[in-house]
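[1] Give me a model of this one.
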Amino acid sequence: MKDNFDIIIIGGGILGTSLSYFLSFLNKSKKIAVIEQEHNVAHHTSGRNTGKIHAPYLYNPEKKKLFANAAFHGYEMWEEYSKLRNLPFKKDGVIEVALEENGIKVLEKYLKWGKQNGLREKDIELMDKTELRKIEPEIKCEAALYVHRDGSTDYATLTKSLMTDSKENGIDFLLDTKVTKIEKVNNKWEITINGNHKIFTNFLINAAGGQAIDIAHNMKIAKNLTDVHFRGEYWKTPKKYHGLTKTSVYSVPEFPDYPFLDPHWIIRVDGSCEIGPNAVPVFSPYGYNNSENIRKFLPKIIEMLGSGARKAIFDKQFQELAFSEIQSSMSKSVMIERVKKFLPKINVNEITQKGTAGIRSSVINEKGKFVPDVILLEGDASFHILNYNSPGATGALPFSVHVINQLHKTGLFENEDTDAQCGPWKFNDIIQKLEE
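    Numbers count the residues shown, from 1 in each chain. Coordinates of the predicted model:
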């Protein structure tokens, strides 16, 4: 019976591990496991990001209400959990700058969205360049949105702590375990791992991040969708720049409909500073190096040409943006010059050390359009979480509660104790906040 489970979660990123955390309190009688192909949780995107705990000012309160609510409550939950476990958390704020006059209207929209999403007057304020210069004299811009309720942490450390808590509550973590096949056998999901070993589960949750689409396709779900992968690269700055600004600095995105990010000025939770990320198209969710991309190039191109992604990759604007991102990868100066537009004091010759690269996977629909929001799909004794991107880490705790509650409503987890105390929170209290 050791290879038979009630629930298996595929993916040990911050979302899969958060799901295991809450399920460990709600389902004491069920046998639950998390499958992760790497040697530890949060090995990929969850641990390879800026570490920012995002305030919900970038998210349309009508179109992205769930994500905005998750980000809003995720901030306070991560703060509380970090204090409880003595983990890194710093409320340090972020500044979004408009480099040109037309960007000011975008900042005004973000201000409105932020307040609609729960931010108060003291949490977010719009400043002209004169006001900002008094606080941040090195930043050059036309106007800025100063978001005080924004923080920094180390998501890999947080995820590992959640895993520890989950394991103490009886969750199994199958690390260094790669899923190679999934098929339905006798009303159970038969999962082949590490080539030939088989385990079984009554219910499967797909939270596999960059491989979530592939797993869904393997289970005959979301066949009309495909994904494309983008590598975000960072450059570390020398210590002389660590006091250049008090907060991280983002610039208004020029092309918000595409997953291309203008590099930011990032202050990490340990005080170190980095420039990044860009968004370089790659051919694998693990395409950190040329050998992996060469290996995956042909099958990924064939997949994309046979899907809606074909329309995206032949779109002229997409091609121009992709070429620009490739240039930023090949040339350090191209990437850093973008940040020099608002931090002119940076000397490109003094920045010599690369940071950690992370990969974001974005979903494209059959019309060739990038899907802007998370996709939640029910399957046969399965649930699939696709396109779970930023602010995914920020909202992972409350979002996982939302997912579990949705499954509970369908009757899949009939014996859940939804009034359970889950560490510092009551499960039902989180649901109530999300639904306010």
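[2] Quick check: longest helix in this structure by residues?
    helix 65-85 (DSSP state H).
[3] who does the helix or strand just after that helix pair up with?
    Per DSSP states H and E, the first helix or strand lying C-terminal to helix 65-85 is strand 89-91. If you go by DSSP bridges, strand 89-91 pairs up with strand 151-153 (antiparallel).
[4] from the chain's centre, how far out does the strand it pairs with sit?
    14 Å (CA atoms, centre = their mean, to the nearest Å).
[5] quick one: residue 324 is in a helix?
    Yes: checked against DSSP: H, G, I helix; E, B strand; the rest coil, residue 324 lies within a helix.
[6] From residue 280, how far out is it?
    10 Å (CB to CB, to the nearest Å). Where C-beta positions appear, they are placed from N, C-alpha and C, glycine not excepted.
[7] out of those two, which sits in the more crowded spot?
    Per other CB atoms under 10 Å, whichever of residue 324 and residue 280 has more neighbours is residue 280, with 23 against 15.
[8] list the helices and strands the longest helix of the chain packs on?
    Judged by 3 or more CB pairs under 8 Å, 6 or more residues apart in numbering; DSSP states H and E, helix 65-85 is in contact with strand 52-53, strand 89-91, strand 151-153, helix 155-168, helix 396-409, helix 427-435.
[9] Against which helices or strands is the shortest one packed?
    Spelled out, it's strand 52-53. Using 3+ CB pairs under 8 Å, 6+ apart, strand 52-53 is in contact with helix 65-85, strand 151-153.
[10] Name the stretch among these that sits most buried.
    Greatest average neighbour count among these goes to strand 151-153 (a mean of 22), per mean count of other CB atoms under 10 Å.
[11] which outside residues touch it?
    Contacting residues not belonging to strand 151-153 are listed as 51-53, 75, 78-79, 82, 87-92, 248, 267-269 [CB atoms under 8 Å, 6 or more residues apart in numbering].
[12] go again using 7 Å as the cut-off
    Residues from elsewhere that reach strand 151-153, judged by CB atoms under 7 Å, 6 or more residues apart in numbering: 51-53, 75, 78, 82, 88-92, 267-269.
[13] Also stretch 266-274?
    Contacting residues not belonging to stretch 266-274 are listed as 50-51, 88, 90, 92, 152-154, 234-237, 241-242, 244, 247-248, 265, 276, 355 [CB under 7 Å, 6+ apart].
[14] Which among those count as buried?
    Neighbour-count burial (16 or more other CB atoms under 10 Å) applied to the contacts of stretch 266-274 gives 50-51, 88, 90, 92, 152-154, 234-237, 241, 244, 247-248, 265, 276, 355.
[15] List phi and psi for the residue lying closest to residue 211 once chain neighbours are set aside.
    Nearest residue to residue 211, sequence neighbours excluded (CB to CB, 6 or more residues apart in numbering): residue 285, at 5.8 Å. Per-residue torsions, residue 285: phi -70, psi -10 (degrees, to the nearest 10).
[16] For stretch 137-153, buried residues please.
    Result for stretch 137-153 [16+ other CB under 10 Å]: buried residues 138-153.
[17] now do stretch 267-275
    267-269, 273-275.
[18] And for stretch 314-327?
    Taking 16+ other CB under 10 Å as the criterion, stretch 314-327 shows 318, 321-322, 325 as buried.
[19] okay, it in PDB with CA atoms only?
    In PDB, the C-alpha atoms belonging to stretch 314-327 read as follows (Å, rounded to 0.1, in the frame of the first residue of the first chain):
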ATOM      1  CA  PHE A 314       5.000  35.100 -36.800                       C
ATOM      2  CA  ASP A 315       3.600  38.400 -35.300                       C
ATOM      3  CA  LYS A 316       6.000  41.200 -36.400                       C
ATOM      4  CA  GLN A 317       5.800  43.000 -33.000                       C
ATOM      5  CA  PHE A 318       6.500  39.800 -31.100                       C
ATOM      6  CA  GLN A 319       9.500  39.100 -33.300                       C
ATOM      7  CA  GLU A 320      10.900  42.600 -32.800                       C
ATOM      8  CA  LEU A 321      10.500  42.300 -29.000                       C
ATOM      9  CA  ALA A 322      12.000  38.800 -28.900                       C
ATOM     10  CA  PHE A 323      15.000  40.000 -30.900                       C
ATOM     11  CA  SER A 324      15.400  42.900 -28.500                       C
ATOM     12  CA  GLU A 325      15.400  40.500 -25.600                       C
ATOM     13  CA  ILE A 326      18.000  38.300 -27.300                       C
ATOM     14  CA  GLN A 327      20.200  41.300 -27.800                       C
END
